[in-house]
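Colleague: Curious how this folds, go ahead:
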Amino acid sequence: MRWIYLSPHLDDVVLSCGAIVWQQVQAGHKVEIWSIFAGDPPEGDLPPFALTLHERWQTGPQAYAVRRAEDRAACAVLGAQARHLHFADCIYRRLPSGEPLIAENEQLFAPLHAQEAPLLQEISDLLAAYLPRNAMLISPLSIGGHVDHRLVRAAAERLGRRLGYYADYPYAITRPTQVGSQAAGRARHFPLPPPALQAWMDAIACHVSQLSTFWPSEAAMRQELQAYAAQGGGQTLWFQPCQRTIYKNHHQNSP
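Modeller: Now for the predicted structure:
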C-alpha cells in the first residue's frame, strides 16, 4: 500500500508519527512525506520574527536549505521518501499590505487570515493535480491551531477524498483534550516496540536545528520519549469514511 503523509513543516510528521512511518515501511508499504511549507523565503528582507528564529536555529539565511537536508536524513532513517513543496513557511509570508503575517509567536496560532484564501486554494489545487488516487492520504489534525497546520488540513479536506489524521506533536501531549474533541472516525493505535522507538528518536535527532524548539538537548529528547514509551505511550491514526471524490488527478509525477 502507498501512504502519503502531509507535513506542514519539515519536521512535523517525523515528530508526530515517525514510529508509525517506520513500522509501515518495515511492513513493506511505500511511504512518502510531503512537506508543504518547505520552500525558500521570498526574495528581499525577511520579517524580524523569522530572523529571530534563524538565530535560535543557528542556520543563518540558509535556514531552509539546512532544514531540507535534515529532513532528507530523517526520512532516510525511517525509510520514507521525502518530497518538498515550494510554499513558504508562515514566518516568511507577508500580507498584501506588506506587513508580515507573523510578527510575534502568538500569531502563529491565530485564526487563518482571510487574505491567505488564495494560498489555501493553491495548495489544494496542487495536491489535487499530483496526488495519486491509489494512495492513503494522512493529514494533520491541526491540534494546537498553528496557522500552517490549519492550512494543510483545510487544503486536504477540500479534496473530498478519504483521509486519515495524525495528532500534531507536541500539542497532542500538551493539549490532550483537543485530540479528543477533534479526532473522529476509526482509530488505529500503534504501540512503540523498541526498534520503532529507536528509529523515531534517531529521525527526530536528524532535525538538529529544531531540537531547541522542544528540548534543551538531544539527550533530553531521548529521555522524554523513552519515558513516554515506558508508560505505554504509542501513536494513533484516525480514519474517516470514504468521501465523494471531487478532484481530478491530472498528473502522476511529484510536484
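
Colleague: which of the residues in stretch 153-170 are buried?
Modeller: By 16 or more other Cβ atoms under 10 Å, the buried positions in stretch 153-170 come out as 153-156, 158-159, 161, 163-169. For the C-beta atoms, the positions are set from N, CA and C on the backbone; glycine is no exception.

Colleague: Could you work out the end-to-end span of that stretch for me?
Modeller: Taking Cα to Cα, to the nearest Å, stretch 153-170 runs 17 Å from one end to the other.

Colleague: tally of neighbours for the residue lying closest to Arg94 once chain neighbours are set aside?
Modeller: Nearest residue to Arg94, sequence neighbours excluded (Cβ to Cβ, 6 or more residues apart in numbering): Pro100, at 5.6 Å. Residues near Pro100, counting by other Cβ atoms under 10 Å, number 18.

Colleague: Test my guess that Pro100 contacts Asp89.
Modeller: No - using Cβ atoms under 8 Å, Pro100 is not in contact with Asp89, being 11.7 Å away.

Colleague: Show me the common contact partners of those two, please.
Modeller: Ala50 (Cβ atoms under 8 Å, 6 or more residues apart in numbering).

Colleague: picking up where we left off before, next up, the contacts around the residue nearest to Arg94.
Modeller: 47-50, 93-94 are the contacts of Pro100 under Cβ under 8 Å, 6+ apart.

Colleague: same thing with Pro191?
Modeller: Gly234.

Colleague: and it, what are its phi and psi?
Modeller: phi -70, psi 180 (degrees, to the nearest 10).
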